[in-house]
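> Sequence plus predicted model, see below.
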Amino acid sequence: MRYRPPFAYPEDDLTAKIVNKLFLTFQGMYPTFKQAWPTETEINQAKLEWIKALVQTGHNNIDDVKRGVAALRLTNSAFVPSVGQFLDLCKKVNKPAYHQDYVRLTNTCTTREMATKSIKEIMDKLKVQNLPKDESEQ
């Protein structure tokens, strides 16, 4: 059963949808899901706390949640993470995504200028400083 608490803000409603899907994912990933939340009431209360935490920390977007789930898949725990543990996983930089950006740009850029601009954008995302100057720019 999907939990839909009444919210005052639209982003909370979107976050509730994300959390409902997240908990379905948890049910498939963790054999101990029912051990953590044995009743529907406890599941709904947990969802409400997760919604609050995601909104409060600004991780109430699908990209951050996907990053957290992807990181969880690499762990060997049989137990559902706490909301704090999950938020820590959401914060980590998703370097493979930037690698995919780099591969895509090298395959699609038709000029050196386009490639340089795209690389600078990726470096800005990664907060990399001091791109070596091209000899033709000097």
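Right, received. Where do you want to start? Numbering: from 1, shown residues only.
> For stretch 35-46, measure first residue to last.
Terminal residues of stretch 35-46 are spaced 13 Å apart (CA to CA, to the nearest Å).
> for that stretch, what is the average pLDDT?
Stretch 35-46 comes out with an average pLDDT of 93.
> which is the next helix or strand following the lengthiest helix in the chain?
When the chain is parsed with DSSP state H, its longest helix is helix 10-29. Next helix or strand after helix 10-29 toward the C-terminus (DSSP states H and E): helix 33-36.
> ok, residues contacting that following helix?
Residues from elsewhere that reach helix 33-36 (CB atoms under 8 Å, 6 or more residues apart in numbering): 26-27, 30, 46, 79-80. Every residue, glycine included, has its C-beta placed from N, CA and C.
> List only those of the residues you listed flagged as buried.
Buried members of the contacts of helix 33-36, counted by 16 or more other CB atoms under 10 Å: 26, 30, 46, 80.
> domain assignment for the chain?
10-91, 95-131 (automatic domain parsing).
> Pick out the shakiest of those domains, pLDDT-wise.
Minimum mean pLDDT among the domains of the chain: domain 95-131, a mean of 63.
> Rebuild the contacts of helix 33-36 as TSV, extending it with distance to residue 66.
Formatted as TSV, the contacts of helix 33-36 follow (distance: CB to CB, whole Å):
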residue	distance to residue 66
26	14
27	17
30	17
46	20
79	21
80	17
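> who are the neighbours in contact with residue 73?
Per CB under 8 Å, 6+ apart, neighbours of residue 73: residue 29.
> ok, so what distance separates it from residue 12?
27 Å (CB to CB, to the nearest Å).
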